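**Q** Let me see the structure of the following:
(2 chains)
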Number of protein chains: 2
Amino acid sequence: MSYSGGFNALERMFNPNSIAVIGASENPFKMGYYCLKSLLNFKGKVYPVNPNHSVVQGLKAYPSILDVPGEVDLAVIVTPAEQVLGVVEECAEKGVKGVVVITAGFREVGGNGLRLQEEMVRVARRSGMRILGPNTFGFVNAHAGVNATFTDVLGELKAGNIAVVTQSGGVCHLFCYDAITQGLGVSLAVGLGNRCDIDFPEMIRYLARDEKTKVIALHIEGLDDPRGFLEAAKETVKVKPIVVYKVGRAKVDREAISHTGSMAGDYRLYDALFKQAGIISVGSVTELFDASKALSITKPPKGRKVALVSVQAGPAIIISDVCKSNGLELPEFTEETRKKIESLLPPMTIRSNPVDLAFAYNPKVGLEAVRLAIQDSNVDMLIMFQLYHPAVPSIAKMLVEVVRESGKPAIVALHAPRNFVKSEVEALEMGGIPVYPTPERAAKAAVYLAKYKQVLDRINKTA
Amino acid sequence: MSYSGGFNALERMFNPNSIAVIGASENPFKMGYYCLKSLLNFKGKVYPVNPNHSVVQGLKAYPSILDVPGEVDLAVIVTPAEQVLGVVEECAEKGVKGVVVITAGFREVGGNGLRLQEEMVRVARRSGMRILGPNTFGFVNAHAGVNATFTDVLGELKAGNIAVVTQSGGVCHLFCYDAITQGLGVSLAVGLGNRCDIDFPEMIRYLARDEKTKVIALHIEGLDDPRGFLEAAKETVKVKPIVVYKVGRAKVDREAISHTGSMAGDYRLYDALFKQAGIISVGSVTELFDASKALSITKPPKGRKVALVSVQAGPAIIISDVCKSNGLELPEFTEETRKKIESLLPPMTIRSNPVDLAFAYNPKVGLEAVRLAIQDSNVDMLIMFQLYHPAVPSIAKMLVEVVRESGKPAIVALHAPRNFVKSEVEALEMGGIPVYPTPERAAKAAVYLAKYKQVLDRINKTA
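**A** Residues are numbered from 1 along each chain as shown, chains lettered A, B, ... in the order given. Model (predicted):
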């Protein structure tokens, strides 16, 4: 089955009208319980499949998928491994568009598991039915209200424009739990697991076309098809950014990684691949999240020149340091801006770039300094740092206005005990300004935001 | 005034019986308002000093420090810069043990500011009175209930065993706000500001003797006296760890840093200095916090060999990768442990090191696997990773017991949406197991914990 032939099935699978849960359970110690629970708020039809019960969690259950009366677009399979192949064959017979095989014990254990997985793939190729997994936690389509996973709390994910596709379900959970905590929206969250059918290259091409997705975030342990990946990525980054967290920097892991049948695990090869593809490569789950968030909420700057305005000097030095260590510049302001800022702020503040507001802080002066800094013709983007202090009122709404007027992107670092600035963070992010809790994370987000502009510039140069 | 001569004054200043706030105000737009507000819960005597009011925030106020009836151990000065020298002279006349000069506009602005600062130092040297600052936010002694800062919310800091001493007040706020949010205890939090009198070397020596302090966390922009720093640090790390976040990795900042009169800002010089001193050098505010927390809550491992037990494979690979990239090892278990773990867990799980509990998870089996792993004779410490899932019950209390029995340190990474695992985190940390939200941060904390053991080993070898 070629990629293009299976694309419609993929589309339907991620946007189903009806879903069966095969192995649905009443027992809260089984994953089949959570797989059904996760779908109880789904607006389409949900069919529990269980040969031993006629009702599961209040829904009419069916002995087999073949007994389900209507069409089934998506089936979530959570039966024991030895039953999965039979169930997959029944799904194909039923005309199911796609299955999520949550059950593990296939390629990753070798032997009979590997053979069973190969059989599943043959069923998929023959029928046109798509398979996510096996050995996956499933996927969430927040726009369609589909939580096809064994983690019901992922139903709290807000609909947004980041698609996160991970090899490991655990890493997808890390990303999505942060997204829930921060209220960051996601379009699709997908765990690829063993990738017997649906793999990175196809997901990238699918997401390139997906109008709901603005940013693609990937977690990769190893690639089976680096060339396919490169081709898909190269095309895609022309229209939307791809951010990748590739695990496996320690050289001692090389054997372990190639053992899974993936591309040899030398990190330098991946680095070269990502560079060639125009991918933004990051160094941790946190950076994957932070970079995706920046690209999701705002746009890349025209260039690498940052204006930095801070209410505290020490964190500003840190931001400046991280920016400069990663290829960004803090240019001098034009003479006009410099003069205006000097007349605005008292001599004891730092009035060059970074601008230190420490001893001249009131909202009006602070905002005017931000306005002058971001509008300076030497400047492509703004970073602002502020610590919570009871004496400092929120300027979120006015800051959004000043940034919007400038037409340039801005990033804010806002640090507070507990949730003291929650509403301020929300106002800023609703207004297109991503917010980070530490100077380092804000600076790194700016670095990655600027990197996508470099990717686009290179594409336009070679085009 | 030699270091030893001023030590008693320093002790009294940080543990005062009576405090005056000079420049105390009723106006919530002034720092003098917050400086007094921060001290309203102080159990000793508090004297507002303000020539224009007889009562400030409900307390009897005095026109000058000289009018205060009793002894004053500590004075917080927040008057305009041009008045500070006079006030400092009056404090010395009054016999105040130490002053916190919050006001800025001294060495950092040059010219007259520099001269005023030099005058202050002369007063201190002559009188034996100690000066913190100028240009500082002050200090918090959580054990003594003293919040001598302009940030009242810092009064929420729990008493604990980490002393954090920063050059920048902003960075101290970053650290302390996280400590408040996470409920991590602090012994002293000190902003050194311009360091006209109290500087890093003396603070290190003071904290080396301070029984309430177990870990010293430092933020440094530049050192005026690298030799004094080295000597103080070398002695101190024999009895307690020092963790340093030195800002200024970007080479372009070199001129800026040396311009403040500090040691030339070549990061390699600092790296060499820290190595020689046996200091644990970290790369961000977050790492400063995380490493200090690990050293505060648990003890260093005997060696570099980590057992890793995870409920999810993907994050385990990340932890393994970060550990191995930073000098830690994941050894094979002894044959005995291996056999026991193999009989405990089903064949489809990873039963070597890391141990992957994914498909065999129940609290009893999980705990037994942890017990086997941490007690293995090839192993010096444990890292455990777990994601929140509604099907997985808390094992915090039992885990604390298993770790305690082993006599080895353990670090846990626990990730959840919002505050879903708050009580579990608290139970673990109360039980001596530091908890981090991401695999990378947990692994880095383990790396820094092991580094202190290497420092001690080197000291013992040369001794």
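**Q** any low-confidence regions in chain A?
**A** Where chain A drops to pLDDT under 70, the residues are A:1-5, A:251-265, A:348, A:359-361.
**Q** The same query, at a cut-off of 90, please.
**A** Within chain A, the ranges that satisfy pLDDT under 90 run A:1-9, A:29, A:105, A:108-111, A:248-269, A:345-352, A:356-364, A:391-395, A:419, A:460-463.
**Q** domains of it?
**A** According to automatic domain parsing, chain A comprises the domains A:1-135, A:138-297, A:299-462.
**Q** want to throw those into CSV with distance to B:Asp356 and mean neighbour count?
**A** C-beta: built from backbone N, CA, C; applies to glycine. Converted to CSV, those look like this (distance: least, CB to CB, whole Å; neighbours: other CB atoms under 10 Å in any protein chain shown):
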stretch, distance to B:Asp356, mean neighbour count
domain A:1-135, 10, 20
domain A:138-297, 10, 22
domain A:299-462, 30, 20
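**Q** could you redo the ones you listed as a markdown table and give each row distance to B:Tyr270?
**A** Formatted as a markdown table, the domains of chain A follow (distance: least, CB to CB, whole Å):
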| stretch | distance to B:Tyr270 |
| --- | --- |
| domain A:1-135 | 46 |
| domain A:138-297 | 23 |
| domain A:299-462 | 13 |
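**Q** Those into CSV, with extra columns for distance to chain B?
**A** Formatted as CSV, these follow (distance: least, CB to the nearest CB, whole Å):
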stretch, distance to chain B
domain A:1-135, 5
domain A:138-297, 2
domain A:299-462, 2
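**Q** Ok, which of the ones you listed comes nearest B:Ser320?
**A** Comparing the domains of chain A against B:Ser320 with CB to CB, the closest turns out to be domain A:138-297 (7.1 Å).
**Q** Between its first and last residues, how far does that closest one reach?
**A** One end of domain A:138-297 sits 26 Å from the other (CA to CA, to the nearest Å).
**Q** just stretch A:212-229 next, same as before
**A** Start and end residues of stretch A:212-229 are separated by 22 Å (CA to CA).
**Q** tell me which element A:Pro201 falls in.
**A** If you go by DSSP states H and E, A:Pro201 is part of helix A:200-209.
**Q** Name the residues that touch the helix or strand that that helix is followed by?
**A** Once helix A:200-209 ends, the next helix or strand along the chain (criterion: DSSP H and E) is strand A:215-220. Strand A:215-220 is contacted from outside by A:161-168, A:171-172, A:175, A:200, A:204, A:207-208, A:236, A:240-247, A:270, A:285, A:288-289, A:291-292, A:295-296, B:314, using CB atoms under 8 Å, 6 or more residues apart in numbering or on different chains.
**Q** try stretch A:367-379
**A** A:305-309, A:331-334, A:337, A:340-341, A:344-345, A:353, A:355, A:357, A:381-382, A:384, A:395, A:398-399, A:402-403, A:405-406, A:408, A:410.
**Q** Can you list which of the residues you listed are found in helices?
**A** The helices, defined by DSSP state H, take in A:Thr337, A:Lys340, A:Ile341, A:Leu344, A:Met398, A:Leu399, A:Val402, A:Val403, A:Glu405, A:Ser406 from the contacts of stretch A:367-379.
**Q** ok, the third one to A:Gln375 distance?
**A** By that I understand A:Ile341. Counting by CB to CB, to the nearest Å, the gap from A:Ile341 to A:Gln375 is 11 Å.
**Q** do the first one as well
**A** Shown here: A:Thr337 relative to A:Gln375, a distance of 8 Å by CB to CB.
**Q** again with A:Val46
**A** 53 Å.
**Q** Please apply the same query to A:Leu449.
**A** Note on A:Leu449: its distance to A:Gln375, by CB to CB, is 19 Å.
**Q** same deal with A:Ala442?
**A** For A:Ala442 relative to A:Gln375 (CB to CB), the value is 20 Å.
**Q** again with A:Gly113
**A** Separation of A:Gly113 from A:Gln375 (CB to CB): 61 Å.
**Q** A:Lys235: helix or strand, and which one exactly?
**A** No, residue A:235 isn't Lys; it's Glu. Going by DSSP H and E, A:Glu235 is in helix A:226-236.
**Q** what packs against that helix?
**A** Contacting helix A:226-236 under the criterion 3 or more CB pairs under 8 Å, 6 or more residues apart in numbering or on different chains; DSSP states H and E are the following elements: helix A:200-209, helix A:267-277.
**Q** quick one, the shortest one and helix A:267-277 angle?
**A** Per axes from the mean of the first three to the mean of the last three CA atoms, to 10 degrees, the angle that helix A:200-209 makes with helix A:267-277 is 30 degrees.
**Q** How about A:Ala24, nearest residue that isn't a chain neighbour?
**A** Take A:Ala24 and drop its neighbours on the chain: the residue closest to it by CB to CB, 6 or more residues apart in numbering or on different chains is A:Pro48, 3.4 Å away.
**Q** beta partners of the one you found?
**A** Assessed by DSSP bridges, A:Pro48 has beta-bridge partners A:Val21.
**Q** residue contacts, it?
**A** Contacts of A:Pro48 by CB under 8 Å, 6+ apart are A:Ala20, A:Val21, A:Ala24, A:Leu36, A:Val56, A:Gln57, A:Leu59, A:Lys60, A:Ala61, A:Tyr62.
**Q** Pull up the gap between the third one and B:Glu221, please.
**A** From A:Ala24 over to B:Glu221 the distance is 60 Å, taken as CB to CB.
**Q** Then the last one?
**A** Distance check for A:Tyr62 against B:Glu221: by CB to CB, it reads 68 Å.
**Q** what ranges do the helices span in the stretch 351-463 of chain A?
**A** With helices called from DSSP state H, counting those that start in this stretch, the stretch 351-463 of chain A shows them at A:363-375, A:396-406, A:422-430, A:439-462.
**Q** on contacts alone, who are the packing partners of the second one?
**A** Using 3+ CB pairs under 8 Å, 6+ apart as the contact criterion, the secondary-structure elements in contact with helix A:396-406 are helix A:363-375, strand A:381-387, strand A:410-415, helix A:422-430.
**Q** what's it in contact with?
**A** A:363, A:367, A:370-371, A:374-375, A:382, A:384, A:409-410, A:412, A:423-425, A:427-428, A:430-433.
**Q** at 6 Å what do you get?
**A** With contact meaning CB atoms under 6 Å, 6 or more residues apart in numbering or on different chains, helix A:396-406 is reached by A:Leu367, A:Val370, A:Arg371, A:Ile374, A:Gln375, A:Ala410, A:Glu424, A:Ala427, A:Leu428, A:Gly431, A:Ile433.
**Q** Could you do the shortest one as well?
**A** With contacts defined as CB under 6 Å, 6+ apart, helix A:422-430 is touched by A:Ile297, A:Ser394, A:Ala396, A:Lys397, A:Val412, A:Val435.
**Q** Contact partners for A:Gly138?
**A** For A:Gly138, the contacting residues are A:Val100, A:Ala148, A:Thr149, by CB under 6 Å, 6+ apart.
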